[in-house]
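Participant: below is the sequence, then the predicted model.
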Amino acid sequence: MDINDILFEAIKSNASDVHIVCILPPTIRVHGKLIKLEKFGDITPEISEKILTEILNEEQKKRLKERLTLDFSYTMAGKGRFRCSYYYQRNSLAAAFRYISREIPDIEELNLPGQIEEFANYPRGLVLVTGPTGCGKSTTLASIIDMINKNRSANIITIEDPIEYLFTHKKSIVSQREVLTDTHTFEEALKYILREDPDVIMVGEMRDLETISSTLTAAETGHLVFSTLHTQDAPQTIDRIIDVFPTHQQKQVRAQLAGTLKAVLVQQLVPNKNKDGRLPATELMFINDAIKNMIREVKVHQIYSSIQASGRRGMMTMDMSLANLYKEGKITEETALEKAHNIDEVKRMMNS
């Protein structure tokens, strides 16, 4: 058995993810559903160790042994790329592979709101793409970065762990830095990034206090900065950033956020009506004066009402998006209610 055979089978099956866990057959995720590849048989600890380590170099093997976890990207020549996450469970090596298309899709192909194209034209500020794991945050960011690359003359620097989509230089210069290969940490890369004359910065994930603080500082110094968070709605995104900091710093962070944040896009993937694919449901918040004041004055809980009242600006809540997808005949009522934040509100909008 060879890991490349399993990954190739996943590509042919249009899978988004591959899971190697003992003792089960290799398992792929297609349109959100897990499917066992029974023809490969059960993966034993011995097989797992063999097939997963054979694609690692010596440095990666050493890192895995020391940390018991490893994130990296893997390219199958002529087939595609995968974001790989290795970990141990019950004393055996396991892995999750996320397929990365060689082509970067545009906003229209991703079925995302057209207003998102505005992000690519901002001269400065912070734009966040949030949502649960596997909802397409990286693909959305890649699409926005590629739009800038095609249309603006800019120096774009990305910091990723690991590098996912590969960009080619177009109208812009794109430098992609991978954590543990091109830089030791997100924080260290951001510490020196201002010396590299960036116009646009993409931080793969705001995962801890140091990275969040450095990202806010980069946005505050007049750069256009994109990043991601694992949050479920726009108000929670703001609270998550602020709550990471010690209490005595939170007033300053609120001021930083109010001054730099431009937009928050929250997305989740939901099954389409025919259950043979998935569509993005989105929450979109642009920062206006009212929302800036809510951030400064510790009134984040009022933001949802402001988004609901700003439809003409193109803002929408997740519940509004779900109701719209149902009314357009793209998803079922069951799916809309299952994914809703407020079931009664979604029912009201679906019937209006």
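Facilitator: Everything's here; your move.
Participant: contacts for stretch 215-224?
Facilitator: 122-127, 190, 193-194, 198-201, 203, 206, 225, 227, 241, 253, 256-257, 259-261 (CB atoms under 8 Å, 6 or more residues apart in numbering). C-beta here means a position set from N, CA and C on the backbone, and glycine is covered the same way.
Participant: the residues you listed in strands, which ones?
Facilitator: Counted as lying in strands by DSSP state E, out of these, are 125-127, 200-201, 203, 225, 227, 261.
Participant: just want the most central residue of this structure.
Facilitator: Lys137 (2.5 Å; CA atoms, centre = their mean).
Participant: ok, back up a step: okay, the ones in strands among the contacts of stretch 215-224 in JSON lines with neighbour count and distance to Thr69 next?
Facilitator: What follows is these, written out as JSON lines (neighbours: other CB atoms under 10 Å; distance: CB to CB, whole Å):
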{"residue": "Gly125", "neighbour count": "19", "distance to Thr69": "34"}
{"residue": "Leu126", "neighbour count": "28", "distance to Thr69": "29"}
{"residue": "Val127", "neighbour count": "24", "distance to Thr69": "29"}
{"residue": "Val200", "neighbour count": "24", "distance to Thr69": "30"}
{"residue": "Ile201", "neighbour count": "24", "distance to Thr69": "26"}
{"residue": "Val203", "neighbour count": "27", "distance to Thr69": "21"}
{"residue": "Val225", "neighbour count": "28", "distance to Thr69": "27"}
{"residue": "Ser227", "neighbour count": "26", "distance to Thr69": "22"}
{"residue": "Leu261", "neighbour count": "24", "distance to Thr69": "32"}
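Participant: can you put those residues in a markdown table and add pLDDT and distance to Ile104?
Facilitator: Shown next, in a markdown table, are the ones in strands among the contacts of stretch 215-224 (pLDDT from 0 to 100; distance: CB to CB, whole Å):
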| residue | pLDDT | distance to Ile104 |
| --- | --- | --- |
| Gly125 | 97 | 23 |
| Leu126 | 98 | 22 |
| Val127 | 98 | 17 |
| Val200 | 98 | 15 |
| Ile201 | 97 | 18 |
| Val203 | 96 | 18 |
| Val225 | 98 | 20 |
| Ser227 | 97 | 18 |
| Leu261 | 98 | 25 |
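Participant: which among the residues you listed gets closest to Leu284?
Facilitator: Proximity of the ones in strands among the contacts of stretch 215-224 to Leu284 (CB to CB) peaks at Val127, which lies at 11.1 Å.
Participant: so who does that closest one touch?
Facilitator: 119, 144, 224-227, 262-265.
Participant: neighbours of Glu187, just the number please.
Facilitator: Neighbours of Glu187 under the rule other CB atoms under 10 Å: 18.
Participant: next, the buried residues of the helix or strand it falls within.
Facilitator: Using DSSP states H and E, Glu187 sits in helix 186-192. Neighbour counts using 16 or more other CB atoms under 10 Å place 186-187, 189-190 of helix 186-192 among the buried residues.
Participant: what do you get for stretch 112-127?
Facilitator: For stretch 112-127, by 16+ other CB under 10 Å, it's 112-113, 115-117, 119-120, 122, 125-127.
Participant: distance of Asp71 from Pro162?
Facilitator: Distance of Asp71 to Pro162, computed by CB to CB, to the nearest Å: 6 Å.
Participant: which neighbours do these two share?
Facilitator: 83-84.
Participant: residues in contact with Met350?
Facilitator: 323, 326-327, 333, 336.
Participant: for the helix holding Glu187, enumerate the helices and strands it packs against.
Facilitator: strand 155-160, strand 200-203, helix 209-220 (3 or more CB pairs under 8 Å, 6 or more residues apart in numbering; DSSP states H and E).
Participant: may I have the biggest helix by length in the chain exported as PDB, CA atoms only?
Facilitator: In the chain, taking DSSP state H as the definition, the longest helix is helix 137-151. Coordinates of the C-alpha atoms in helix 137-151 are reproduced here as PDB (Å, rounded to 0.1, in the frame of the first residue of the first chain):
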ATOM      1  CA  LYS A 137     -11.400  30.100   4.600                       C
ATOM      2  CA  SER A 138      -8.100  29.500   2.900                       C
ATOM      3  CA  THR A 139      -9.700  29.200  -0.500                       C
ATOM      4  CA  THR A 140     -11.500  32.500   0.000                       C
ATOM      5  CA  LEU A 141      -8.400  34.300   1.100                       C
ATOM      6  CA  ALA A 142      -6.400  32.800  -1.900                       C
ATOM      7  CA  SER A 143      -9.100  34.100  -4.300                       C
ATOM      8  CA  ILE A 144      -8.900  37.600  -2.800                       C
ATOM      9  CA  ILE A 145      -5.100  37.600  -2.900                       C
ATOM     10  CA  ASP A 146      -5.100  36.400  -6.500                       C
ATOM     11  CA  MET A 147      -7.600  39.200  -7.400                       C
ATOM     12  CA  ILE A 148      -5.100  41.700  -6.000                       C
ATOM     13  CA  ASN A 149      -2.300  39.900  -7.800                       C
ATOM     14  CA  LYS A 150      -4.100  40.300 -11.100                       C
ATOM     15  CA  ASN A 151      -5.300  43.900 -10.800                       C
END
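Participant: circling back: so what's the residue nearest to the centre of the chain up against?
Facilitator: By CB under 8 Å, 6+ apart, the neighbours of Lys137 are 129-131, 228, 267.
Participant: which of the residues you listed fall within helices?
Facilitator: Per DSSP H, those never map to helices.
Participant: mind picking the two most distant members of those?
Facilitator: Thr228 and Gln267 (10.4 Å).
Participant: all strands for the stretch 251-352 of the chain, in order.
Facilitator: Secondary structure of the stretch 251-352 of the chain (DSSP state E, counting those that start in this stretch): strands located at 261-271, 278-286.
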